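# With the sequence up front, the predicted model follows.
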Amino acid sequence: MHVEDVLKSRLDETQYRRLIAIENPMVHEFVAEYIALCDPASVFVCTDDGADLKRIREKAVELGEEQTLAIPGHTIHFDGYKDQARDKDHTKILLPRGVNLGENIESMDREEGVAEVRDILKNLMQGKEMIVRFFCLGPMNSAFTILACQITDSYYVAHSLDLLYRQGYEAFKTAPSDTKCFRIVHSQGELENCVSKNIDKRRVYVDVEDEIVYSANTQYGGNTLGLKKLSMRLAIKRASREDWLCEHMFVMGVHGPKDRLTYFTGAFPSLCGKTSTSMMTGEKIIGDDIAYLRPVDGEMRAVNVEKGMFGIIMGINSKDDPIIWETLHNPNEIIFSNILVADDRSTYWIDKDGPVPSHGFNHSGPWTPGKKDAAGKTVDPSHKNARFTLDLKCLENVDERIDDPEGVKVGGVIYGGRDSHAWVPVRESFDWVHGIVTIGAALESETTAATLGKEGVPVFNPMSNIDFVSVPLGLYIKNNLDFGARLSSPPLIFGVNYFLTDAEGRWLNEKTDKAIWLKWMELRVHGDADALVTPVGKIPRYEDLRKLFEDVQGKSYAETDYVKQFTVRVDAFTGKIKRIIAVYRNIPDTPAVVFEALQNEIDRLEQARAKHGDLLKPELFA
Ligand code: SPV
Ligand code: MN
């Protein structure tokens with residue numbers, strides 16, 4: 001293949017000029033290679049210009065990939081019935097021969113994978129337009145910036161990318177010509193009723209050596225928005241080489257006394273409260289999903305890799321999520337996916353306020369309550385993983401420093417799990433190593449009714465990143481440990497758990513309590529609250545929480561509730577730690593300090609139990 005010949009013969013004059021205005025040969029080769037392989041009918045090189053972005057939006061509607069809704073700016077997109085979530089079985093990291101990431105990470109031989117997916121991509125864009133897009137991951141003109149080029153034949157995907165990522169055509173034009181960018185090639189493949197037809201040939205392969213992602217025969221955002229979790233795997237690998245971190249974390253600002261704003265990052269597995277924490281009323285959001293973290297002058301600095309939100313819509317209601325609720329009902333540019341559209345073209349999803357529409361359409365076609373699918377199963381109005389896509393700038397709580405090229409200084413790192421039995425609602429680690437090991441690397445989430453299989457089974461998910469880690473897990477943990485060692489003022493590390501229950505299985509906390517835990521963590525970062533030192537870390541004093549509940553929510557907080565919530569349950573904690581130790585025993589190259597810190601925690605718990613019994617009430621540590 002001769003790059004110049006392919007580009008000259010397949011791009012019209014305008015598109016050709018646009019492409020070669022970027023002087024990076026890597027980009028030219030990438031585009032030419034996939035024109036030659038996928039054989040599109042035409043090629044559209046999209047710049048950052050408003051007219052180009054408008055064309056993308058209009059084409060998505062014209063081709064039926066999106067439909068307009070009652071509120072101006074809102075559209076709906078449907079993925080195929082079996083294409084509405086990440087395909088974990090067919091998402092693989094491609095590895096050179098001899099490299100092994102261990103059994104927790106889906107991988108396959110690189111040569112085999114590339115050959116297979118190239119075969120699938122062959123001629124897959126025939127009759128369609130290839131769209132070439134340029135973006136910046138992280139803020140522009142910053143030490144954090146990574147440039148990314150995505151090719152897709154889906155206008156829905158191209159449109160979603162506009163809402164989620166910072167435009168990068170101009171940045172590509174001015175970047176040095178040898179800049180190494182992330183490259184993503186996606187084709188939704190053959191369509192039937194506007195959805196990908198050949199789901200059996202759905203593949204998402206991530207080549208972390210070459211920094212290329214291949215995605216075929218799928219539409220769902222998590223499989224096709226190459227800049228999201230797919231580039232995240234590339235970034236984790238690059239970060240591992242360059243001594244920084246890419247984490248599955250929100251970035252938010254929490255207000256303290258006298259308008260002080262303290263920034264936190266937070267990693268929570270799905271359905272553990274990540275978005276609702278980052279969207280806490282009265283606080284500020286920078287990002288809700290992916291952060292790049294770098295050590296700068298001894299501090300941890302964080303940026304949001306993205307600029308938009310691809311959020312789960314199930315359960316969003318006016319009481320618990322007032323800001324998102326408001327935004328979803330205003331004329332903003334929003335793409336809804338896999339929800340119900342009523343006859344008046346208003347929207348409905350599982351657990352939305354108000355009555356269920358008596359008639360409408362969703363991914364299954366015309367819908368009425370009680371509709372059954374071919375297998376006799378009731379069809380919900382919306383999919384459990386139905387989503388909304390929007391630019392964070394349309395949220396009133398977006399922080400003004402969202403695009404700060406320096407990032408923000410992180411005062412605290414939060415890891416949140418779903419744990420009925422052990423973790424107290426909030427605790428602070430003794431230090432960086434204790435926090436990374438006994439909180440971050442020990443993170444688990446219990447299965448819920450929203451996942452398949454038995455409920456309440458703890459699933460190991462270190463740093464909530466198990467699905468995305470692209471280096472051996474032991475190395476990934478080591479990178480996290482080393483990162484803190486390079487900081488002169490490392491952030492504090494906290495563990496939170498919004499799901500603790502009593503012996504009868506009743507939740508011990510209200511949904512709104514997390515606002516108070518955030519305020520307490522903010523005070524701790526500045527040394528403005530004391531803490532009680534327990535065997536598993538530092539917990540709040542009753543008096544400080546009582547005051548916060550009173551000042552922030554005007555609520556009285558009973559000491560009996562505090563005692564129930566913050567009693568350390570030795571059995572449950574040691575059981576959990578033993579489970580985690582067993583997992584790491586099977587992970588090669590786990591740093592020795594992981595086992596030491598976990599064993600020390602068990603020893604502290606056992607010693608306390610010998611003295612005080614299984615239930616360690618907070619008063620023991622006062
Ligand atoms: C997640 O599942 O963690 C998401 C959505 O943020 S996806 O893009 O599918 O990864
Ligand atoms: Mn996520």
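Arrived safely. Numbering: from 1, shown residues only. Ligands and ions are numbered 1, 2, ... in the order given.

# sec struct for the closest residue to ligand 1 within the chain, please.
When you check the chain against ligand 1 by Cβ to the nearest ligand atom, the closest residue turns out to be Gly222, at 2.2 Å. To be clear about C-beta, it is placed using only N, CA and C from the backbone, and glycine gets the same treatment. At Gly222, secondary structure determined by DSSP: H, G, I helix; E, B strand; the rest coil is helix.

# Let's see the pLDDT reported for it.
As predicted, Gly222 sits at a pLDDT of 95.

# Do I have it right that it meets Gln84?
No. Counting by Cβ atoms under 8 Å, no contact exists between Gly222 and Gln84, whose distance comes to 9.4 Å.

# sorry, back to before: please list all residues in contact with the residue of the chain closest to ligand 1.
Gly222 makes contact with 85-86, 228-229, 310, according to Cβ atoms under 8 Å, 6 or more residues apart in numbering.

# Can you tell me how far it is from Leu95?
Gly222 sits 22 Å away from Leu95, going by Cβ to Cβ, to the nearest Å.

# Over to Val552?
In this view, Val552 and Leu95 are 49 Å apart by Cβ to Cβ.

# Compare neighbour counts for those two and give me the winner.
A side-by-side neighbour count of Val552 and Leu95, using other Cβ atoms under 10 Å, places Leu95 first with 20 against 15.

# ok, residues contacting stretch 541-551?
Contacts to stretch 541-551, defined as Cβ under 8 Å, 6+ apart, come from residues 516, 519-520, 523, 529-532, 555-557, 559, 562, 618, 622.

# ok, now with 10 Å
The contact list for stretch 541-551 (Cβ atoms under 10 Å, 6 or more residues apart in numbering) reads 257, 425-426, 512-513, 515-520, 522-524, 528-532, 539-540, 555-559, 561-563, 565-566, 618-619, 621-622.

# So which of those residues are in helices?
Among the contacts of stretch 541-551, the members falling in helices are 515-520, 522-524, 559, 561-563, 565-566 (criterion: DSSP state H).

# Now the two most distant members of those residues.
Using Cβ to Cβ, the two most remote members of those are Glu522 and Val563, lying 23.7 Å apart.

# how does the chain divide into domains?
Domain segmentation of the chain under automatic domain parsing yields 3-60+86-243, 246-306+401-621, 311-394.

# overlap in contacts of Gly222 and Gln84?
When Cβ under 10 Å, 6+ apart defines a contact, the residues bordering Gly222 and Gln84 alike are 385, 387.

# Find the helix or strand that Glu209 is a member of.
With secondary structure defined by DSSP states H and E, Glu209 is part of neither a helix nor a strand.

# so who does it touch?
Glu209 touches 93-96, 99, 110, 234, 237, counting by Cβ under 10 Å, 6+ apart.

# Write out the residues of this protein neighbouring ligand 1.
Of all the residues in the chain, those in contact range of ligand 1 (Cβ under 6 Å from any ligand atom) are 86, 221-222, 228-229, 270, 289, 310.

# Show me those residues that map onto helices.
With DSSP H as the criterion, helices contain 221-222 from among the residues of the chain next to ligand 1.

# Would you mind pulling the contact partners of the longest helix seen in the chain?
Counting by DSSP H, the longest helix found in the chain is helix 592-612. Where contact means Cβ under 10 Å, 6+ apart, the residues beyond helix 592-612 that reach it are 429-431, 433-438, 441-442, 474, 477-478, 481, 534-537, 568-571, 573-574, 576-578, 580-581, 584-585, 587, 591, 614-616, 620-621.

# Only whichever of those residues are buried, select them in PyMOL.
In PyMOL, this line selects whichever of the contacts of helix 592-612 come out buried by 16 or more other Cβ atoms under 10 Å:
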select buried, resi 429+430+433+434+435+436+437+438+441+442+474+477+478+481+534+535+536+537+568+569+570+573+574+576+577+580+581+584+587+591+616+621
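
# Now do the contacts for the most centrally placed residue in the chain.
Central residue of the chain (Cα atoms, centre = their mean): Asp289, 3.4 Å from the mean position. For Asp289, the contacting residues are 164, 228-229, 232, 248-251, 274-275, 278, 304-306, 308-311, taking Cβ under 10 Å, 6+ apart as the criterion.

# So it versus Thr174, what's the distance?
Between Asp289 and Thr174 the distance is 28 Å, computed by Cβ to Cβ.

# isn't there a strand covering Thr262?
Yes. Judged by three-state DSSP, Thr262 forms part of a strand.

# pLDDT wise, what is the nearest residue to it once chain neighbours are set aside at?
Taking Cβ to Cβ, 6 or more residues apart in numbering, and ignoring the residues beside it in sequence, Thr262 has Gly411 as its nearest neighbour in space, at 4.3 Å. Among the per-residue scores, Gly411 holds a pLDDT of 98.

# what's the burial count for Gly411?
A total of 24 residues lie near Gly411 under the criterion other Cβ under 10 Å.

# Where does it sit: helix, strand or coil?
Here Gly411 is strand, with the state taken from three-state DSSP.

# Contacts only, for it.
If a contact means Cβ under 10 Å, 6+ apart, then Gly411 has 253-254, 256, 260-265, 299-300, 489, 491-492, 521-522, 524-526 as its contacts.

# buried subset of these?
Among the contacts of Gly411, those classed as buried by 16+ other Cβ under 10 Å are 253-254, 256, 261-265, 299-300, 491-492, 521-522, 524-525.

# surely Ser364 meets Val195?
No. Using Cβ atoms under 10 Å, Ser364 is not in contact with Val195; the gap is 11.6 Å.
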